[in-house]
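Peer 1: 3D model of this:
(one chain, ligands or ions: 1)
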Amino acid sequence: MSDWKPLEVFGLAKAEKQAWLLDELNRLTLHHQAHCAPYANLLAGQGQQAGVAESLDAVPFVAARLFKMLCLSSTQPEDVFKTLTSSGTTSQVKSQIVLDRDTAALQSKVLVSLLSSFTGKARRPMLIIDHDGLTGDKAGFSARGAGVQGLSFLGRDHTYALNSDMTPNWPVIDEFIAKYTNAPVLIFGFTFMVWQHFIEPLIASDRSNLLPQALLFHSGGWKKLQDQAVSNEVFKTMVRQALGEGVAVHNFYGMVEQIGSVFVECEQGHLHAPSYADVIIRDQETLEVKNIGESGLIQVLSFIPKSYPGHSILTEDLGRLLGEGDCPCGRKGRYFEVLGRLPKTEVRGCSDVF
Ligand SMILES: [Zn+2]
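Peer 2: Down below sits the predicted model:
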């Protein structure tokens, strides 16, 4: 693995980024072919020989659902550090993601580097819209717990805002607000939980302008909010009504199969690919590569996964490529929006548990 740390998170020009990322991904394809027999069989079945792709869109991809059907691991059993599972209702089959120490460490380092480009280097007092007790069990580590743990490196004085029955823990919330109302704080939670268990109760309680210097990161599916006709714009408006006009709100998109590589929404409302990852949109029937302005299935690329063959994944999410290198926010790279899930597939997502 070449050194990723000197790379500016959103600063690489197109040619430079493609050269760096392609080199990393080709190396990973060869590594997984050599260390994961089911993956090697998949490539062989697609007629793909020991692969050196000549462009990012030629890197072979694995369908996200295969992680539910097969144990895709490139790690010896004795080197498994922990296994992540996607959250879901018990009737659904969960994805199993096998991590060794190096991959787990890389995930959290990249995530912190990426998100601190929004929060700044200083650790902020952090309010977590969840309950304490998510992050204990190493063997069956949930995606929700992993998300909270990954972001906790950005914060200090970690405060869990909810009781275990998901009701707001008002004494704890009020104490956090009293202590930090004039400080830059960080709030994190899964989108639907932030809405249902924090913002709605705050508004119903007639509290307003509570944490005007907050930055809110939220992630997870929009489906439940769409069912309630809550768009991203409505979400942001209500967050600012409760917490303060100047509050920065950033959604981010990521897969449990690629933790650490996330696509963060900028001030323009666009999800951005960082230097270490990329996104390709493919036609949902033919899988041909789509151009700017067109929608289709989202494929995600990341240099992180070494313990399992998840460096190139075709998701079941629909998205639209919005542009590349020219977002008014100044960040380089591709930017896109998520349109929802492919119809008629099972619904799976971090925040869909509740
Ligand atoms: Zn932007």
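Peer 1: quick check: residues of the chain near the ion?
Peer 2: Proximity of the chain to the ion, by Cβ under 5 Å from the ion, involves residues 266, 268, 270, 327, 329. For the C-beta atoms, the positions are set from N, CA and C on the backbone; glycine is no exception.
Peer 1: gap between residue 307 and residue 60?
Peer 2: Separation of residue 307 from residue 60 (Cβ to Cβ, to the nearest Å): 18 Å.
Peer 1: helices of the chain, residue ranges please.
Peer 2: Under the criterion DSSP state H, the chain contains helices at 14-35, 37-45, 66-69, 101-119, 143-152, 170-180, 191-194, 200-204, 223-227, 232-243.
Peer 1: which of residue 307 and residue 60 has more neighbours?
Peer 2: Shown here are residue 307 and residue 60; by other Cβ atoms under 10 Å, residue 307 has more neighbours (25 against 18).
Peer 1: list the contacts of the more buried one.
Peer 2: Going by Cβ atoms under 8 Å, 6 or more residues apart in numbering, residue 307 touches 73-75, 79-80, 98-100, 102-103.
Peer 1: now, those that are in strands?
Peer 2: 98-99 (DSSP state E).
Peer 1: what would the contacts of residue 307 look like in JSON lines with neighbour count?
Peer 2: Output for the contacts of residue 307, formatted as JSON lines (neighbours: other Cβ atoms under 10 Å):
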{"residue": "73", "neighbour count": "24"}
{"residue": "74", "neighbour count": "23"}
{"residue": "75", "neighbour count": "19"}
{"residue": "79", "neighbour count": "14"}
{"residue": "80", "neighbour count": "15"}
{"residue": "98", "neighbour count": "23"}
{"residue": "99", "neighbour count": "25"}
{"residue": "100", "neighbour count": "20"}
{"residue": "102", "neighbour count": "15"}
{"residue": "103", "neighbour count": "21"}
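Peer 1: got the contacts of residue 307 as JSON lines, with pLDDT and distance to residue 323 columns?
Peer 2: Below are the contacts of residue 307 laid out as JSON lines (pLDDT from 0 to 100; distance: Cβ to Cβ, whole Å):
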{"residue": "73", "pLDDT": "95", "distance to residue 323": "37"}
{"residue": "74", "pLDDT": "96", "distance to residue 323": "35"}
{"residue": "75", "pLDDT": "95", "distance to residue 323": "37"}
{"residue": "79", "pLDDT": "94", "distance to residue 323": "41"}
{"residue": "80", "pLDDT": "93", "distance to residue 323": "40"}
{"residue": "98", "pLDDT": "92", "distance to residue 323": "36"}
{"residue": "99", "pLDDT": "93", "distance to residue 323": "34"}
{"residue": "100", "pLDDT": "95", "distance to residue 323": "36"}
{"residue": "102", "pLDDT": "95", "distance to residue 323": "34"}
{"residue": "103", "pLDDT": "94", "distance to residue 323": "31"}
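Peer 1: with the contacts of residue 307 in mind, which one is nearest to residue 165?
Peer 2: residue 99 (30.8 Å; Cβ to Cβ).
Peer 1: since that was my last question, I'll sign off now.
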